[in-house]
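> task: produce atomic coordinates for the following.
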Amino acid sequence: MSALLIILSILDLLVCVVLVVMVLFQKGASQGLGSIAGGADTFFSKTKARSIDALLKKFTSGIAVIFFLLTVVLYLLTKG
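Numbering: from 1, shown residues only. Got it, this is the predicted structure:
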């Protein structure tokens, strides 16, 4: 296994863990683990809480795209 594949595999694993954590921190319909972030409705205004949720969604989407691309690149590199 080449050094490039090892580095990409480790990076893919780290991005995967970050993606899972980002999904868990989002506010769900039943509040889920999103309340771990500190109860945004208690200390912040509702507008700020909504903007934090929107920012989390954007970051999650970006990280998901990065994870997808890394996984496809790893597949193509190991296929050959």
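
> show me which residues of the longest helix belonging to the chain are buried.
Selection of the longest helix in the chain by residue count, based on DSSP state H, yields helix 46-79. For helix 46-79, the neighbour count (16 or more other Cβ atoms under 10 Å) marks Ala49, Ile52, Asp53, Leu56, Thr60, Ile63, Phe67, Leu70, Leu74 as buried. Yep, even glycine has a C-beta here, placed from its N, CA and C like the rest.

> what's the closest non-adjacent residue to Phe59?
Met22 (6.0 Å; Cβ to Cβ, 6 or more residues apart in numbering).

> unless I'm mixing things up, the one you found is touching Lys57, no?
No: judged on Cβ atoms under 8 Å, Met22 makes no contact with Lys57 at a distance of 9.1 Å.

> need the helix or strand of the chain with the lowest average pLDDT.
helix 40-43 (a mean of 52; mean pLDDT, DSSP states H and E).

> low-confidence stretches in the protein?
Where the chain drops to pLDDT under 70, the residues are 29-49, 80.

> now for the residue sitting nearest the centre point of it: which residues touch it?
Centre of the chain computed as the mean C-alpha position; nearest residue by Cα atoms, centre = their mean is Leu19, 2.4 Å away. Counting by Cβ atoms under 8 Å, 6 or more residues apart in numbering, Leu19 touches Thr60, Ile63, Ala64, Phe67.

> mind doing that once more with 6 Å?
By Cβ atoms under 6 Å, 6 or more residues apart in numbering, the residues touching Leu19 are Ile63, Phe67.

> from Phe67, how far out is the closest residue to Val73 other than its chain neighbours?
Sequence neighbours aside, Leu8 is the residue nearest to Val73 in space, at 6.6 Å (criterion: Cβ to Cβ, 6+ apart). The gap separating Leu8 from Phe67 is 12 Å, by Cβ to Cβ, to the nearest Å.

> next: Ile6.
18 Å.

> what's the answer for Leu5, then?
According to Cβ to Cβ, Leu5 and Phe67 sit 17 Å apart.

> ok, now Ser2?
From Ser2 to Phe67 the distance is 21 Å (Cβ to Cβ).

> same question for Val20.
According to Cβ to Cβ, Val20 and Phe67 sit 10 Å apart.
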